[in-house]
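Participant: model this:
(one chain, ligands or ions: 2)
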Amino acid sequence: MDACKELFSLPAEEKAEYMDAAPMDPVRVGTGFNSAVDGAKLWRDYLKMFAHPDLHCPAKPANLRGTATEYATRTRGLMLELTAAISESLGLDGGRIAEALNLERCFQILVGNHYPPAGPDVGAIGLPTHSDHGLLTLLFQNGVDGLQVKHSGEWLLAKPVPGSFFVIAGDQLEIVSNGRYKAVLHRALVDGEQARMSFLSLIGPCLDAVVEPIPELAREAPEGAQFRGIKYMEYMEHQQSNRLKENAALDIVRVHREILTREDSLNSYPVDV
Ligand SMILES: O=C(O)CCC(=O)C(=O)O
Ligand SMILES: [Fe+2]
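Facilitator: Numbers count the residues shown, from 1 in each chain. Ligands and ions are numbered 1, 2, ... in the order given. The predicted structure is shown next:
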């Protein structure tokens with residue numbers, strides 16, 4: 001987190017090469033600071049770097065690469081263990097999801113978010129409502145709250161236990177589990193006085209893997225397969241490059257898809273997550 005803070009405070013010319021990056025470039029630095037998008041002020045600086053199969057990292061600050069390598073390795077190990085437990089919770093063999101998604105070559109990304117204090121600007125938000133495109137995300141924050149999750153139609157403040165990770169289920173988990181696990185809708189609010197930082201490690205399937213409900217789960221579900229198969233890479237490109245409302249990316253693969261009104265699909269933020 002310190003290395004990340006240092007990166008955000010580097011002069012703009014040191015970060016410039018990563019600031020013009022496109023959604024699928026392996027290192028991206030961005031700011032939503034003070035930018036008005038559809039009337040909402042996004043209040044966030046971020047760093048994103050692909051961490052697996054290959055780690056891509058800005059050259060500065062000098063200690064970032066070492067820290068990121070260790071962080072990526074350890075959090076990946078933990079998420080693979082969680083995936084095995086999830087697999088068993090679905091009545092499958094522990095290795096079944098890892099095998100179906102080729103997790104040996106899983107895609108992993110590290111994200112650092114910095115939300116400066118918003119002061120009296122009550123209209124500012126950190127990150128609008130979305131679900132994460134991957135399988136699982138581990139979120140760690142500095143002691144300032146702001147993450148909210150939607151549960152039974154209500155926004156609840158997620159208060160991670162200090163020193164622990166908060167686990168977020170992503171879109172690929174919803175697909176592969178045939179909807180038994182739901183991708184969590186979440187958003188980040190900003191604090192009036194304190195800067196908030198969050199650091200995320202996300203794993204997804206191998207980019208070439210075609211993700212679909214595990215056949216055993218689809219067979220035992222009365223309504224059959226809830227999603228059609230899609231290559232994870234294509235899913236991610238779709239989610240990252242479109243103006244989508246909340247978790248509407250899942251709708252492109254949903255079999256019994258709800259009909260979106262034109263207004264619904266246009267009333268959206270370009271969410272860069
Ligand atoms: O900062 C947070 O609490 C949430 C960040 C987040 O959801 C994301 O980067 O995808
Ligand atoms: Fe997220």
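
Participant: list the helices and strands the helix or strand encompassing Glu216 packs on?
Facilitator: Here Glu216, judged by DSSP states H and E, is contained in helix 215-220. When contacts are defined as 3 or more Cβ pairs under 8 Å, 6 or more residues apart in numbering; DSSP states H and E, helix 215-220 packs onto no helix or strand at all. From N, CA and C alone the C-beta is placed, and that goes for glycine too.

Participant: buried stuff in it?
Facilitator: For helix 215-220, the neighbour count (16 or more other Cβ atoms under 10 Å) marks 217-218 as buried.

Participant: which other residues reach it?
Facilitator: Among residues not part of helix 215-220, those counted as contacts by Cβ atoms under 8 Å, 6 or more residues apart in numbering are 90, 92, 96, 177-178, 180, 224-226.

Participant: can you pull the residues of the stretch 101-250 of the chain lying near ligand 1?
Facilitator: Proximity of the stretch 101-250 of the chain to ligand 1, by Cβ under 6 Å from any ligand atom, involves residues 111, 113, 127, 132, 139, 146-147, 186, 188, 198, 200.

Participant: run the last query once more with 8 Å
Facilitator: Along the stretch 101-250 of the chain, the residues adjacent to ligand 1 under the rule Cβ under 8 Å from any ligand atom are 111, 113, 115, 126-127, 130, 132, 137, 139, 141, 146-147, 158, 168, 186-188, 196, 198, 200, 202.

Participant: can you list the residue ranges for strands in the stretch 151-273 of the chain?
Facilitator: Taking DSSP state E, counting those that start in this stretch as the criterion, the stretch 151-273 of the chain contains strands spanning 154-157, 166-169, 186-188, 196-204, 210-211, 230-231.

Participant: mind putting the ones you listed into CSV with mean neighbour count?
Facilitator: What follows is the strands of the stretch 151-273 of the chain, written out as CSV (neighbours: other Cβ atoms under 10 Å):
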stretch, mean neighbour count
strand 154-157, 11
strand 166-169, 18
strand 186-188, 22
strand 196-204, 24
strand 210-211, 20
strand 230-231, 17
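
Participant: would a markdown table of those with mean pLDDT be doable?
Facilitator: A markdown table is the format used below for these (pLDDT from 0 to 100):
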| stretch | mean pLDDT |
| --- | --- |
| strand 154-157 | 96 |
| strand 166-169 | 97 |
| strand 186-188 | 94 |
| strand 196-204 | 96 |
| strand 210-211 | 98 |
| strand 230-231 | 96 |
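
Participant: output those in JSON lines, with distance to Ala59 appended to each entry.
Facilitator: Shown next, in JSON lines, are the strands of the stretch 151-273 of the chain (distance: least, Cβ to Cβ, whole Å):
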{"stretch": "strand 154-157", "distance to Ala59": "37"}
{"stretch": "strand 166-169", "distance to Ala59": "30"}
{"stretch": "strand 186-188", "distance to Ala59": "28"}
{"stretch": "strand 196-204", "distance to Ala59": "20"}
{"stretch": "strand 210-211", "distance to Ala59": "34"}
{"stretch": "strand 230-231", "distance to Ala59": "32"}
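
Participant: take those and write them to a markdown table, including distance to ligand 2.
Facilitator: Compiled in a markdown table, those are given as follows (distance: least, Cβ to the ion, whole Å):
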| stretch | distance to ligand 2 |
| --- | --- |
| strand 154-157 | 14 |
| strand 166-169 | 6 |
| strand 186-188 | 6 |
| strand 196-204 | 7 |
| strand 210-211 | 18 |
| strand 230-231 | 20 |
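
Participant: enumerate every residue touching Thr69.
Facilitator: Applying Cβ under 8 Å, 6+ apart, one finds that Thr69 lies in contact with Leu55.

Participant: what's the helix or strand for it?
Facilitator: Thr69 is located in helix 64-89, with elements delineated by DSSP H and E.

Participant: list the buried ones in that helix?
Facilitator: In helix 64-89, the ones that count as buried by 16+ other Cβ under 10 Å are 64-65, 67-68, 71-72, 75-76, 78-80, 82-84, 86-87.

Participant: what about the helices in the stretch 101-250 of the chain?
Facilitator: Counting by DSSP state H, counting those that start in this stretch, one finds helices in the stretch 101-250 of the chain at the ranges 171-176, 215-220, 232-241.

Participant: Leu47: which of these is closest?
Facilitator: Leu47 sits nearest to helix 232-241 of all the helices of the stretch 101-250 of the chain, at 15.9 Å, using Cβ to Cβ.
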